[in-house]
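Asker: need a structure here:
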Amino acid sequence: MIPSPLENDYWRTRSAGEAIDQGYAFLRLTCACGRITDYPLPLLLQRRGVTRDSFIGNIGFKCQKCGSTQPGIGVTSQTSAPGYFKR
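Answerer: Have a look, this model is predicted:
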């Protein structure tokens, strides 16, 4: 059985390249304070030290609202969004 993509632990153990190859365009970060951020995967790959082989769970994120460093991680596919990244 494949875990649900909505489960935080599932995406922490996947690489950025796997998410892109499966058609996802955004990394969804949710914080306990209620802030939700959709981070574009192509922008994520431009960060220093992040490659397609980097595990998503090993990439550091920090909430701008409360300072938490433990956001919930998931992916979203917003293919109809303006400026959608296409290879």
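Asker: For the nearest residue to Ser68 once chain neighbours are set aside, which residues are in contact?
Answerer: The shortest distance from Ser68 to any non-neighbouring residue, by C-beta to C-beta, 6 or more residues apart in numbering, is to Cys31 (5.4 Å). Any C-beta I mention is one placed from the backbone N, CA and C, and that applies to glycine too. Going by C-beta atoms under 8 Å, 6 or more residues apart in numbering, Cys31 touches 63, 65-66, 68, 71-72.
Asker: Just read off the phi/psi values of Ile73.
Answerer: phi -120, psi 130 (degrees, to the nearest 10).
Asker: Could you pull out the strands in this structure for me?
Answerer: Along the chain, the segments classed as strands by DSSP state E run 26-30, 36-40, 72-76.
Asker: Let's have the ones you listed in TSV, adding mean neighbour count and mean pLDDT.
Answerer: Listed next are the strands of the chain as TSV, based on neighbours: other C-beta atoms under 10 Å; pLDDT from 0 to 100:
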stretch	mean neighbour count	mean pLDDT
strand 26-30	19	87
strand 36-40	15	88
strand 72-76	19	79
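Asker: For Asp53, which of those strands is the nearest?
Answerer: Among the strands of the chain, strand 26-30 comes nearest to Asp53, with 15.5 Å by C-beta to C-beta.
Asker: Contacts for the closest one, please.
Answerer: 11, 16, 19, 36-41, 44, 56, 61, 63, 71-78.
Asker: before we move on, the earlier item: ok, and the most crowded of the contacts of Cys31?
Answerer: Among the contacts of Cys31, Pro71 has the most neighbours (other C-beta atoms under 10 Å), with 21 neighbours.
Asker: Just give the nearest non-adjacent residue to Gly17, would you?
Answerer: For Gly17, the spatially nearest residue (C-beta to C-beta, 6+ apart) is Arg52, at 3.2 Å.
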